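In: model this:
(chains A and B)
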Protein chains: 2
Amino acid sequence: MGVYDILKSWGIENYKVIGEEDLKEITLGASILATGGGGDPEIGFLWALNVLKEGKDIILIDPKDFPDDALAVIAGCLGAPVVLTEKPPNGMEVLWCLESLKRYLGKEVQAIIPPEAGGVNTPVPMAVAGAVGIPVVDADGMGRAFPELQMTSFYTHGIMPSPTAAANEKGAVTVADTTSAIMAERIIRNAAMAYGGISWIAGYPMTGKQLKEAAIFNSISKSWELGKAVFRSRKLHEDPIEEIVKIVGGYKVFKGKIVDISREFGAEKTKGFSMGRLTLEGLDDYKGERAFVDFQNEWLRLEISGKTVCLPPDLILILDSETGEPIRTDIVKYGYRGTIVVVPADEKMRTEMGIRTFGPKYFGYDEDYVPVEKLVG
Amino acid sequence: MGVYDILKSWGIENYKVIGEEDLKEITLGASILATGGGGDPEIGFLWALNVLKEGKDIILIDPKDFPDDALAVIAGCLGAPVVLTEKPPNGMEVLWCLESLKRYLGKEVQAIIPPEAGGVNTPVPMAVAGAVGIPVVDADGMGRAFPELQMTSFYTHGIMPSPTAAANEKGAVTVADTTSAIMAERIIRNAAMAYGGISWIAGYPMTGKQLKEAAIFNSISKSWELGKAVFRSRKLHEDPIEEIVKIVGGYKVFKGKIVDISREFGAEKTKGFSMGRLTLEGLDDYKGERAFVDFQNEWLRLEISGKTVCLPPDLILILDSETGEPIRTDIVKYGYRGTIVVVPADEKMRTEMGIRTFGPKYFGYDEDYVPVEKLVG
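Out: Below is the predicted model of the structure:
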């Protein structure tokens, strides 16, 4: 059964067929929402482009149209983004995961949902859906990127990241099957380390009913809108930052130059993450001010001139002031000039369970979560 | 179908029903062959005893009777023996692995074979077979114990350790599915680390035909004979060491007191193994001599007064001079008095591929393998 037969059998008439330009826009937008993580968007874009070039269609459907009893899984990667660039995928990894999942579950997967918004983990699920011939759901589990498997609105709304399969580029597959979300994260993280830093994954099986309760809706569309706006403003020589702020409903809080990057090294210490801290010195309106941004794959916590300005799960975007291009934790360099935009997380990320799972305390900060709109206000 | 129906369907009339005393003897004998590793035999014995107490039968069959097309898997544990003592199993771990394997393979497992000779990995496969209601094959993959998953005569005769499932005591399961034996080892080792140091495993699927080509025959019987002999000599106040030397076809090469134990610490360094080096000072006939024994879960290399005396895969047994009880890497203490016996490994362990897989160079020694009978001679 092809993807159009599936859509027909579900009675879906409203869907989007994604082309090359669309992919470019979506990938850029998703990498902006990825809050410094999510890896090299070029890798995600090329993977998806290859699928289009093979003559396959990538079909985007609205989450509300996905049948309650159908089965969706996430697809993407987990590990240190910096390793991703050194170990490019071959496009088979996630398909091997899906094969293993099918053997393990004894069921067919009927749709793919991105785990997060990211330069890799948005286009790759789209590519995988296209390659397999099933639709991709216009939603995700974070509305941003986060470093760990359990850090999703899926998990905080009762969906377990298990079974989840993880593959490397040589076809080694690890399946994690556990009732503990933290253990699933640990198993998949350790598999990534066994593979040299990166796991390509599929899993977190959920029914349509569960997906509708737990997922963050229309995040691919939001990435798309963002990408379009940035490309348009570049063409018209307008300020892309203003466009971005408007679309994400955020706050521009700093503009500065990166004057220091301290990174943690060693697998024992970083457990396979890209970790460290940025220091920025203010420019223009922010002259004389100093900002610190901690990161663990993603930007986590922002402090400006001694004041906490943004805490997880709220979003910190560091954007190239001229192009609107996101600055990422894996490629950030001394001297980059960036504008910092902070954004309230989706309400599904702000539940009590959410704050416990990916709030400041989970990341080791001795601070209570305060919504960014209050911190900024 | 019960175990007796299975035996009948295979036309097997010669089998052994294992009782409590038999278990005690087998476990002691296996822990002697374990060359310092294999973990606390009390854990293995009690696990198997529980199965007998539940009214299940443990049935031992000869490998030559196991049908060519039947499916066997290994069962046991992998990790640092020292952790085993701190995290006792609940008896379900390997059953969860078998369930996962069955889902993954889409096939029923028809017999269990021990991966190695060890105080845990001999009785536990027997227990698991009894619990499931299938026979255990009187054979193993080492004729001793070794620290890594691929260090078996199975692998060096073409059987892959994949898929292999690994569980912890809370029901978390990891399945490794890969065409690389080293990667399977890495995945399962990392799962053990995710679990806190120990993985309970089942896997290495093999047909009866493969088993007969690759396995070391009748190693459970040999353990049994050893255990019987030691118990008998204790009762008769005879020298157990002489009995052991005779049965294993080994050489008594040293008697001494342990005067130093240096251990490696930290997961980064030891990768979840018990590692270090013993120093012994000679007693009686060996007065003035000094022996060094390196270990990685098992005793690996023996040097006496500057001369290499035993290299892997040949066996180093360190035995309590009075009782014949094996001294293990996880419990060895300053002041213990032991007799060292070295034993030629089974010929199936001495192939070219075997020496490459578990010979001195693999363990980082810059020495060519020389059979122990030559080194001693």
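In: Leaving out sequence neighbours, find the closest residue to A:Q210.
Out: Residue nearest to A:Q210 in three dimensions, not counting chain neighbours: A:I159, with 5.3 Å by Cβ to Cβ, 6 or more residues apart in numbering or on different chains. In short, each C-beta sits where N, CA and C put it, glycine included.
In: May I have the secondary structure class of that neighbour?
Out: coil (DSSP: H, G, I helix; E, B strand; the rest coil).
In: mind listing what it touches?
Out: The neighbours of A:I159, taking Cβ atoms under 8 Å, 6 or more residues apart in numbering or on different chains as the test, are A:T152, A:Y204, A:M206, A:Q210, A:A214.
In: Tell me which two in these are the farthest apart.
Out: A:T152 and A:Q210 (12.0 Å; Cβ to Cβ).
In: Between these two, point out the one with more neighbours.
Out: When A:T152 and A:Q210 are compared for neighbours, A:T152 comes out ahead with 29 against 18, by other Cβ atoms under 10 Å in any protein chain shown.
In: Please verify my assumption that that one contacts A:E116.
Out: Yes - here A:T152 reaches A:E116: they are 7.4 Å apart, a contact under Cβ atoms under 8 Å.
In: tell me the helices in chain A, going along the chain?
Out: A:3-9, A:20-33, A:41-53, A:81-86, A:93-105, A:123-132, A:153-156, A:181-194, A:208-214, A:219-235, A:240-248, A:267-270, A:352-358, A:372-376 (DSSP state H).
In: can you list contacts of the first one?
Out: Around helix A:3-9, the neighbours that count as contacts under Cβ under 8 Å, 6+ apart are A:M1, A:E13, A:Y15, A:D57, A:I59, A:I61, A:Q110, A:G133, A:I134, A:P135.
In: Confirm for me that A:G256 is in contact with A:T279.
Out: No - using Cβ under 8 Å, A:G256 is not in contact with A:T279; the gap is 9.1 Å.
In: Touching both of the two, which residues are there?
Out: Between them, A:G256 and A:T279 share these contacting residues under Cβ under 8 Å, 6+ apart: A:R290, A:A291.
In: what about the two, which has more around it?
Out: A:G256 (25 against 16).
In: Bridged to the residue nearest to the more buried one when sequence neighbours are not counted, which residues?
Out: Distance criterion Cβ to Cβ, 6+ apart; nearest residue to A:G256, sequence neighbours excluded, is A:L280 at 3.6 Å. The partner list for A:L280 in beta bridges (DSSP bridges) reads A:I258, A:A291.
In: For A:L280, list the residues it contacts.
Out: A:L280 sits next to A:F254, A:G256, A:K257, A:I258, A:V259, A:R290, A:A291, A:F292, A:V293, A:G338, A:I340 when contact means Cβ under 8 Å, 6+ apart.
In: again, but for A:Y251
Out: Neighbouring residues of A:Y251 by Cβ under 8 Å, 6+ apart: A:V245, A:V341, A:V342, A:V343, A:V372, A:E373, A:V376.
In: do you know how far it is from A:L302?
Out: For A:Y251, the distance to A:L302 equals 11 Å [Cβ to Cβ, to the nearest Å].
In: Those residues of chain A touching chain B, which are they?
Out: For chain A, the contact set with chain B under Cβ under 8 Å from any Cβ of the partner chain comprises A:100, A:103-104, A:106, A:168, A:170-180, A:183-184, A:186-187, A:189-191, A:193-195, A:266-268.
In: Using neighbour counts, trim those residues to the buried set.
Out: A:100, A:103-104, A:168, A:172-178, A:180, A:183-184, A:186-187, A:189-191, A:193-195 (16 or more other Cβ atoms under 10 Å in any protein chain shown).
In: Which residues does A:R301 form beta bridges with?
Out: A:D294.
In: since we're on the residue lying closest to A:I61 once chain neighbours are set aside, how many residues are nearby?
Out: Distances taken as Cβ to Cβ, 6+ apart place A:P135 nearest to A:I61, at 4.5 Å, with adjacent residues excluded. Residues lying near A:P135 (other Cβ under 10 Å) number 31.
In: And for the one 10 residues further on?
Out: Close neighbours of A:A145, defined as other Cβ under 10 Å, add up to 32.
In: try A:Y4
Out: 15.
In: From A:L60, how far out is it?
Out: Taking Cβ to Cβ, one finds A:Y4 at 13 Å from A:L60.
In: returning to what we had before: could you redo the helices of chain A as a markdown table and give each row mean pLDDT and distance to B:E42?
Out: Formatted as a markdown table, those follow (pLDDT from 0 to 100; distance: least, Cβ to Cβ, whole Å):
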| stretch | mean pLDDT | distance to B:E42 |
| --- | --- | --- |
| helix A:3-9 | 97 | 57 |
| helix A:20-33 | 98 | 55 |
| helix A:41-53 | 95 | 52 |
| helix A:81-86 | 75 | 43 |
| helix A:93-105 | 96 | 35 |
| helix A:123-132 | 98 | 49 |
| helix A:153-156 | 98 | 39 |
| helix A:181-194 | 95 | 27 |
| helix A:208-214 | 98 | 45 |
| helix A:219-235 | 97 | 55 |
| helix A:240-248 | 96 | 61 |
| helix A:267-270 | 55 | 33 |
| helix A:352-358 | 97 | 40 |
| helix A:372-376 | 97 | 56 |
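In: Return the most buried member of these.
Out: helix A:123-132 (a mean of 28; mean count of other Cβ atoms under 10 Å in any protein chain shown).
In: which residues are contacting that one?
Out: A:18, A:23, A:26-27, A:30, A:41, A:44-45, A:47-48, A:50-52, A:54, A:56-60, A:74-77, A:91, A:94-95, A:98, A:109, A:111-115, A:135-136, A:202, A:220.
In: Same question for stretch A:332-343.
Out: For stretch A:332-343, the surrounding residues in contact (Cβ under 8 Å, 6+ apart) are A:36, A:241, A:244-245, A:248-261, A:278, A:280, A:283, A:291, A:293, A:302, A:309-310, A:314-322, A:327, A:372, A:376.
In: and if you look at stretch A:219-235?
Out: Contacts to stretch A:219-235, defined as Cβ under 8 Å, 6+ apart, come from residues A:22, A:24-30, A:32-33, A:60, A:114, A:117, A:122, A:126, A:136, A:138-140, A:143, A:238-240, A:242-244, A:247-248, A:323-325.
In: what's the spacing between that stretch and its chain's center?
Out: 16 Å (Cα atoms, centre = their mean, to the nearest Å).
In: Verify the stated contact: A:I182 with A:M160.
Out: No - using Cβ under 8 Å, A:I182 is not in contact with A:M160; the gap is 11.0 Å.
In: if I look at the residue of chain A positioned farthest from its centre, how far off is chain B?
Out: In chain A, A:G288 marks the outermost C-alpha relative to the chain mean, sitting 33.2 Å out by Cα atoms, centre = their mean. With the distance defined as Cβ to the nearest Cβ, to the nearest Å, A:G288 ends up 43 Å from chain B.
In: That residue touches A:F254, doesn't it?
Out: No - using Cβ under 8 Å, A:G288 makes no contact with A:F254, being 12.0 Å away.
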